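[1] Have a look at this prediction, sequence included:
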Amino acid sequence: MKKYIAEMIGTMVLVLMGCGSAVFAGGIAGTVGAGTGTLGVAFAFGLAVIAMAYTIGKISGCHINPAITLGMFFAKKISGKDAGMYMIFQVIGAIIGSAILYALVSTGSHGGPTTTGSNSFADGQMLQALIAETVFTFIFVLVVLGSTSKGANNKFAGLAIGLALVLIHIVCIPITGTSVNPARSIGPAIFEGGKALSQLWLFIVAPFLGAIIAAFVWKAIDTEPETAK
């Protein structure tokens, strides 16, 4: 249970800090009353992952992302029971983080272009969004599997994973707001409703697809296969 609670807390922090940066400081850089812009939001997500990796990594491995958990499961690095429970608690954590953001927005002002940090894609851009979320999740999960594998310099795994997420956000924010994490999308969508909820399926399906592909690619190229713990 400690592992599951750690995942819940970690995902809550990720959503609160990452989506929170978009909500309160995600304005366009260089304008009057400007916020951090795309780069600032990207770093907020990446730094949240780094902070949590070195906080709860020893407890749960710090997945804080159902796509990572699914990738770990298909790569045989986590049991089916743990994978299912991880995902449940990650979604709970994301909802808690989004609830806190909702409370903050409801009781004050915000400076970003969004009130929840939800993901979405423009009309007619579904294929672009599907490709982006699948490919970038593939890259992200591959980095996670590689940097945490046997023989890797695991002391710097958290840093590598966090910086990879920063890079992904820099490219993907203009396309979908960047999910690569179903829990991160579910929490904000619940409070946003409307378009965010109607498009939520893509931000669940694409990351899971990318994660599964990454797991099989990693199993094919890994020189020291591991078994589920």
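    Cool, the structure landed. Numbers count the residues shown, from 1 in each chain.

[2] which ones are touching the residue nearest to the spatial centre of the chain?
    By CA atoms, centre = their mean, the chain has its centre lying nearest to Asn181, at 3.7 Å. Listed by CB atoms under 8 Å, 6 or more residues apart in numbering, the contact partners of Asn181 are 14, 64-68, 207. (Each C-beta comes from the backbone N, C-alpha and C, glycine too.)

[3] Please repeat the previous calculation with a cut-off of 10 Å.
    Counting by CB atoms under 10 Å, 6 or more residues apart in numbering, Asn181 makes contact with 11, 14-15, 18, 45, 49, 63-68, 90, 94, 119, 133, 137, 140, 165, 187, 203-204, 207, 211.

[4] Narrow those residues to those in strands?
    In strands, judged by DSSP state E, none of the contacts of Asn181 are found.

[5] pLDDT value on the closest residue to Gln199 other than its chain neighbours, please?
    Distances taken as CB to CB, 6 or more residues apart in numbering place Ser120 nearest to Gln199, at 5.5 Å, with adjacent residues excluded. pLDDT, Ser120: 94.

[6] Kindly provide the distance from Ser120 to Val23.
    14 Å (CB to CB, to the nearest Å).

[7] neighbour-wise, which of these two wins?
    Using other CB atoms under 10 Å as the criterion, Ser120 and Val23 rank with Val23 on top: 26 against 22.
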